[in-house]
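Undergrad: I would like the atomic coordinates for the input below:
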Amino acid sequence: MKMRNTLLPLLFLALAGCGQVSADSQYAKATRSNPDQIIGVASVVDGDTIEIHGSRIRLSVFDAPERGKRCGNTNVYQKAALYLSDQIGAKTVTCDVSGKDRYDRAVAICSVKGSDLGDIMVGAGWARDWPRYSRGKYAQAEATARQGGKGIWGLACPDDVWNGRNYD
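TA: Sure, this is the predicted structure:
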């Protein structure tokens with residue numbers, strides 16, 4: 001057992017030297033070369049928030065249902081978060097940070113394999129375009145989702161599902 005504990009750090013150092021330990025080294029390289037980018041494997045907090053390397057990131061210019069929101073028997077807050085998690089999986093997420101929000105989270109447009117997570121979420125009907133911030137970036141995706149009854153648009157939702165927010 002003692003020999004095993006001694007060999008593990010050596011193995012790690014050898015792999016790091018050969019470029020085999022990539023997630024953290026890619027992250028460090030990307031942030032040094034572009035401080036406005038966060039890259040790594042993400043965990044999902046909710047339908048419009050992720051975390052990468054301990055940094056909370058508010059996915060920019062779209063909005064997903066908040067905690068506790070339901071449409072009939074469907075917990076749409078949970079559905080949105082699970083859908084986002086399914087889309088990300090264990091893939092590398094690239095986020096282009098534009099600033100911070102009032103909760104001190106990074107605000108960013110994020111993508112997986114070149115696909116914008118906002119397009120994915122709004123297009124599937126688990127989030128909506130927020131024109132005040134997006135300038136209509138996801139308007140077509142939302143219109144298509146609504147027309148197709150996808151996600152939340154196919155459910156009987158109460159008027160307050162969006163917390164009374166103004167999306168004009």
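Undergrad: check contacts around the residue nearest the centre of the chain.
TA: Central residue of the chain (CA atoms, centre = their mean): Ile50, 4.5 Å from the mean position. By CB atoms under 8 Å, 6 or more residues apart in numbering, the contact list for Ile50 reads Ala42, Ser43, Val44, Arg56, Ile57, Leu59, Leu84, Ile88, Val93, Cys95, Cys110. No exception for glycine: its C-beta is placed from N, CA and C like everyone else's.
Undergrad: Any stretches of the protein with poor pLDDT?
TA: 1-33 (pLDDT under 70).
Undergrad: The closest residue to Ser43 other than its chain neighbours: neighbouring residues, count only.
TA: Leaving aside its chain neighbours, Ser43 sits nearest to Glu51 (5.0 Å; criterion: CB to CB, 6 or more residues apart in numbering). Using other CB atoms under 10 Å, Glu51 has 15 neighbouring residues.
Undergrad: Show the backbone phi and psi for Glu51.
TA: Reported as degrees, to the nearest 10, the phi and psi values for Glu51 are phi -130, psi 130.
Undergrad: Would you quantify the distance from the residue lying closest to Asp46 once chain neighbours are set aside to Ile152?
TA: Of all residues not flanking Asp46 in the chain, Ala81 sits nearest, at 4.9 Å (CB to CB, 6+ apart). Between Ala81 and Ile152 the distance is 13 Å, computed by CB to CB, to the nearest Å.
Undergrad: Between the two, point out the one with more neighbours.
TA: A count of neighbours by other CB under 10 Å puts Ile152 above the other of Ala81 and Ile152, at 25 against 22.
Undergrad: From Thr144, how far out is the more buried one?
TA: Note on Ile152: its distance to Thr144, by CB to CB, is 14 Å.
Undergrad: which stretch of helix or strand covers the residue nearest to the centre of the chain?
TA: strand 49-52 (DSSP states H and E).
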